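Novice: from the sequence below, what's the structure:
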Amino acid sequence: MASISSRSGQEDQVLVEDKSFVRTLILNRPKQLNALSYYMISRLLELFLVYEKDSNVKLVILKGKGRALCAGGDVASVVRDINNGNWKSGAIFFRKEFTLNYLMATYSRPQVSFLNGIVMGGGAGCSIHGSFRVATENSVFAMPETALGLFPDIGASYFLSRLPGHFGEYLGLTGARLDGAEMLACGLATHFVPSAKLPSLEAALYTVDSSDQAIISATIHEFSELPMLKEQSAYHRLDVINRCFSRRTVEDILSALEREATNKVDDWILASIQSLKKASPTSLKISLRSIREGRLQGVGQCLVREYRMVCHVMRGEVSKDFVEGCRAILLDKDKNPKWEPPRLELVSDKMVDSYFSKVDDEGWEDLKLPPRSNLPASAIAKL
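Specialist: I've put the predicted structure just below:
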């Protein structure tokens, strides 16, 4: 017998369906595109911890109400706290979120996420780390943080750095959007299932009395299709992306793209150049270094480093671009941020280095991730 549990008010933001050996978690802030509030993050963390200890739970499904799985963390509330002189409440938000990301990345039960709609920022954090990511024709993925004066966080330096070639640098720096077919092609999604088949897939998963990854993968595969990439897909340009985004610095990447643009007329190259020129120069530089470091680090190390970085971003001692970016894009919506420093050449290596150092503030501590034991091989590989 299925049961749906939730209570009133804030507690309706995460709905829980309990069917046989499966727990389905539904993000339920459709008007906000399921942007993750502190309550939602705390509730998800609590539920995932409970389910891991419950032998009756074999599988967790994550999906969203409306046209998004999740459009990101509720950073507007974080910026309000920063503007009120309280960046440390933002640190509490990110500490909890990154702990959830780590738990999902190292989870001992399979997690199946339905990426049926918008999956951005924090939405990627609560899905891409899981075992199975099911894209559809409605999927829209992006890590748009450099346009907000932030950087791809939530462990993105781990998964972006492991995409083919330098596709991760391209996605992380430009904030480019991918559809479901592209997500499957590059490995962000494990399967592609037409949205009309999702109810049937979900019903089939309810009958799987197993945590065996192979059995669950085979079940999803029964409903899967292999979609065609659009002719204009960025993934068809992987050779150009590798040529340009493998360069050592953001300035070199931009120069390489501009050289490509002189050789042939290509709207995609021009759009990439435009995205880089509109983004925060500081964000671009710390994002590139973060993804490059992520290639050599486990998921826990990436999250600990990203926590340092996000605390520096919120403190604003080097640049206040995060507050300005959120003002321009999310709050005032004039889409005209005034970055400071305003140009790439004004962001020195020393300034970039500071984002990767410990935060010199009374009471501040590095992110302490929970100890994990008895992990499956797929989780151990991420450490």
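Novice: and the longest helix for this structure?
Specialist: In the chain, with assignment by DSSP state H, the single longest helix is helix 87-105.
Novice: pLDDT on the helix or strand that that one is followed by, on average?
Specialist: Sequence order places strand 111-115 as the next helix or strand after helix 87-105, per DSSP states H and E. Here strand 111-115 scores 98 as its mean pLDDT.
Novice: could you do stretch 38-45 as well?
Specialist: 97.
Novice: and that stretch, how far out from the chain middle?
Specialist: 16 Å (C-alpha atoms, centre = their mean, to the nearest Å).
Novice: in that stretch, which residues are buried?
Specialist: 38, 40-45 (16 or more other C-beta atoms under 10 Å). (Glycine included, C-beta is placed from N, CA and C.)
Novice: let's have those in CSV, adding secondary structure and distance to E52.
Specialist: CSV is the format used below for the buried residues of stretch 38-45 (DSSP: H, G, I helix; E, B strand; the rest coil; distance: C-beta to C-beta, whole Å):
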residue, secondary structure, distance to E52
Y38, helix, 22
M40, helix, 19
I41, helix, 17
S42, helix, 16
R43, helix, 15
L44, helix, 13
L45, helix, 11
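Novice: could you dump the residues you listed into TSV with distance to P341 added?
Specialist: Listed next are those as TSV, based on distance: C-beta to C-beta, whole Å:
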residue	distance to P341
Y38	31
M40	35
I41	32
S42	36
R43	39
L44	37
L45	37
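Novice: closest to L257 among these?
Specialist: I41 (36.3 Å; C-beta to C-beta).
Novice: next one: the closest one from G121, what distance?
Specialist: 13 Å (C-beta to C-beta, to the nearest Å).
Novice: which residues do those two both contact?
Specialist: G73 (C-beta atoms under 8 Å, 6 or more residues apart in numbering).
Novice: for this protein, which spans come out with low pLDDT?
Specialist: 1-9 (pLDDT under 70).
Novice: ok, now with 90
Specialist: 1-11, 75-77, 263-266, 330, 373-383 (pLDDT under 90).
Novice: quick one: the strands in it?
Specialist: 3-5, 14-19, 22-27, 59-64, 68-70, 111-115, 118-120, 132-135, 140-142, 178-179, 191-192 (DSSP state E).
Novice: including mean neighbour count and distance to F167, could the ones you listed go into TSV?
Specialist: Shown next, in TSV, are the strands of the chain (neighbours: other C-beta atoms under 10 Å; distance: least, C-beta to C-beta, whole Å):
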stretch	mean neighbour count	distance to F167
strand 3-5	10	39
strand 14-19	18	32
strand 22-27	22	27
strand 59-64	24	24
strand 68-70	27	21
strand 111-115	27	17
strand 118-120	27	16
strand 132-135	27	16
strand 140-142	22	12
strand 178-179	22	10
strand 191-192	22	18
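Novice: closest one to L254 among these?
Specialist: Comparing those by C-beta to C-beta, strand 140-142 comes nearest, at 19.9 Å.
Novice: could you list the paired strands of that closest one along with their orientation?
Specialist: Paired with strand 140-142 in the same sheet, following DSSP bridges, are strand 118-120 (parallel), strand 178-179 (antiparallel).
Novice: among the strands of the chain, which is nearest W268?
Specialist: strand 178-179 (13.0 Å).
Novice: now do that closest one: everything it contacts.
Specialist: 137, 139-142, 171, 186, 188, 230, 233-234.
Novice: right, and the pair among those residues with maximum separation?
Specialist: E137 and L171 (19.9 Å).
Novice: so for these two, which sits in the more crowded spot?
Specialist: Under the criterion of other C-beta atoms under 10 Å, the comparison of E137 against L171 puts L171 first, with 27 against 15.
Novice: from R133, how far out is that one?
Specialist: In terms of C-beta to C-beta, L171 sits 15 Å off from R133.
Novice: what residues does stretch 308-315 touch?
Specialist: 78, 82, 87, 90-91, 94, 149-151, 153, 286, 290, 318-319, 321-322, 354-359, 361, 364, 366-367.
Novice: mind checking which of those are buried?
Specialist: For these, buried by 16+ other C-beta under 10 Å: 78, 82, 87, 90-91, 94, 149-151, 153, 286, 290, 318-319, 321-322, 354-355, 359, 367.
Novice: my read: L383 touches Q297, true?
Specialist: No. In this structure, L383 is not within contact of Q297 by C-beta atoms under 8 Å, at 10.0 Å.
Novice: who has more neighbours out of those two?
Specialist: Q297 (17 against 14).
Novice: contacting residues around the more buried one?
Specialist: 157-158, 305 are the contacts of Q297 under C-beta under 8 Å, 6+ apart.
Novice: and it, what are its phi and psi?
Specialist: Main-chain dihedrals, Q297, degrees, to the nearest 10: phi -120, psi 150.
Novice: for it, give its distance to R372.
Specialist: 16 Å.
Novice: check contacts around the residue lying closest to S217 once chain neighbours are set aside.
Specialist: In space, and not counting its chain neighbours, S217 is closest to F132: 6.9 Å by C-beta to C-beta, 6 or more residues apart in numbering. The contact partners of F132, taken as C-beta under 8 Å, 6+ apart, are 110-113, 190-191, 216-217, 220.
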